[in-house]
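S.K.: no sequence for this one, just the structure:
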């Protein structure tokens with residue numbers, strides 16, 4: 001890997017995420033955070049959220065297998081799921097590398113065409129993006145009255161909110177936007193290189209149009225809804241871990257979940273930094289004290305990231321005991 005690629009794909013995301021986290025938590029008393037985790041936090045709800053985090057990735061694996069079938073690829077279900085687990089863990093090291101990682105796993109273990117599988121990943125991302133846009137619009141309309149009530153009761157207006165942020169807060173937001181634009185530029189640049197290879201372009205095209213030939217559309221829809229419902233429950237249950245978030249309601253959870261989902265577009269490991277900043281900002285809007293909002297986003301993100309790491313390690317170990325299929329073997333396993 002060239003030095004420029006290392007800087008772009010590894011050093012810059014780590015530096016950006018680390019800088020935002022340092023700015024947010026500089027001067028914080030880490031003993032207090034540890035006390036919150038050991039004496040004030042209800043870990044029962046955190047543990048109850050884990051199955052949903054695991055299930056979300058399993059739904060994604062099942063859905064991916066379904067989208068590969070119309071293009072003539074039939075990988076094993078277990079390999080699909082393990083590849084998803086591993087892809088999320090890999091993205092903690094190099095943001096956005098997970099999509100290529102899972103395609104590489106299927107190529108290695110089930111000889112699935114890399115271009116075709118990459119095309120289905122593009123299809124999945126497009127479907128997820130449309131769903132998130134729809135959910136975002138619905139949630140904002142539902143919560144508009146909540147924001148209005150908040151402004152009336154507190155006498156707050158938009159200018160007051162804007163004045164609460166320091167120049168550093170605006171700087172962080174600007175850096176996140178610039179990082180997204182840089183990511184889009186390099187993705188388009190890479191895509192232009194791939195487009196020079198006819199076979200790759202054909203494979204990606206087949207993957208993208210595979211959705212129209214999915215045999216069981218209702219099942220595909222159930223998998224898609226299951227993914228995002230599981231993600232939400234994985235996040236929402238953590239509200240009940242803390243006395244300062246347990247009464248905020250599902251509306252607040254939806255708003256902060258959507259904002260956090262959008263923030264992870266910024267290329268940092270698992271959205272570290274931008275996710276903290278975005279969710280903490282929205283929690284403050286709902287009346288959570290600044291310092292408590294900081295505790296919430298740090299603890300929740302850290303624990304959920306450790307779950308991703310654990311699943312990645314499990315998948316790596318499981319794949320080491322998985323046979324590599326030859327072309328003559330049946331794909332129906």
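M.R.: Nice, I can see it. These numbers come from a predicted model, not from an experiment. Numbering: from 1, shown residues only.
S.K.: okay, now residue 34: neighbour count?
M.R.: One way to gauge burial is a neighbour count; for residue 34, by other C-beta atoms under 10 Å, it gives 10. For the C-beta atoms, the positions are set from N, CA and C on the backbone; glycine is no exception.
S.K.: err, residue 108, not the other one
M.R.: Residue 108, neighbours per other C-beta under 10 Å, totals 16.
S.K.: again with residue 15
M.R.: For residue 15, the tally of surrounding residues (other C-beta under 10 Å) stands at 13.
S.K.: any idea how far it lies from residue 273?
M.R.: According to C-beta to C-beta, to the nearest Å, residue 15 stands 10 Å off from residue 273.
S.K.: cool, residue 289 as well?
M.R.: With distances taken as C-beta to C-beta, residue 289 is found 21 Å from residue 273.
S.K.: Comparing the two, which residue is more hemmed in?
M.R.: Applying other C-beta under 10 Å to residue 289 and residue 273 shows that residue 273 carries more neighbours, namely 29 against 11.
S.K.: Surely that one and residue 14 touch.
M.R.: No: because the distance of 9.8 Å does not satisfy C-beta atoms under 8 Å, residue 273 is recorded as not touching residue 14.
S.K.: Please, where are all the helices along the stretch 201-333 of the chain?
M.R.: Counting by DSSP state H, counting those that start in this stretch, the segments of the stretch 201-333 of the chain that form helices are 217-236, 249-263, 274-285, 290-320.
S.K.: for the shortest one, packing partners?
M.R.: By that I understand helix 274-285. In terms of contact count using 3 or more C-beta pairs under 8 Å, 6 or more residues apart in numbering; DSSP states H and E, helix 274-285 is assigned the packing partners helix 12-25, helix 167-194, helix 249-263, helix 290-320.
S.K.: Out of these, name the one with the poorest average pLDDT.
M.R.: Across these, the stretch with the lowest average pLDDT is helix 167-194; it has a mean of 55.
S.K.: Flag the shaky bits of this protein, pLDDT-wise.
M.R.: For the chain, the stretches with pLDDT under 70 are 1-10, 143-212, 326-333.
S.K.: change it to 80
M.R.: Applying pLDDT under 80 to the chain flags residues 1-17, 20, 23, 27, 95-96, 140-213, 265-269, 325-333.
S.K.: which one's the longest helix in it?
M.R.: The longest helix of the chain (DSSP state H) is helix 114-154.
S.K.: And it, how far out from the chain middle?
M.R.: Centroid separation for helix 114-154 versus its chain: 13 Å, with C-alpha atoms, centre = their mean, to the nearest Å.
S.K.: relative orientation of it and helix 274-285 in degrees?
M.R.: 20 degrees (axes from the mean of the first three to the mean of the last three C-alpha atoms, to 10 degrees).
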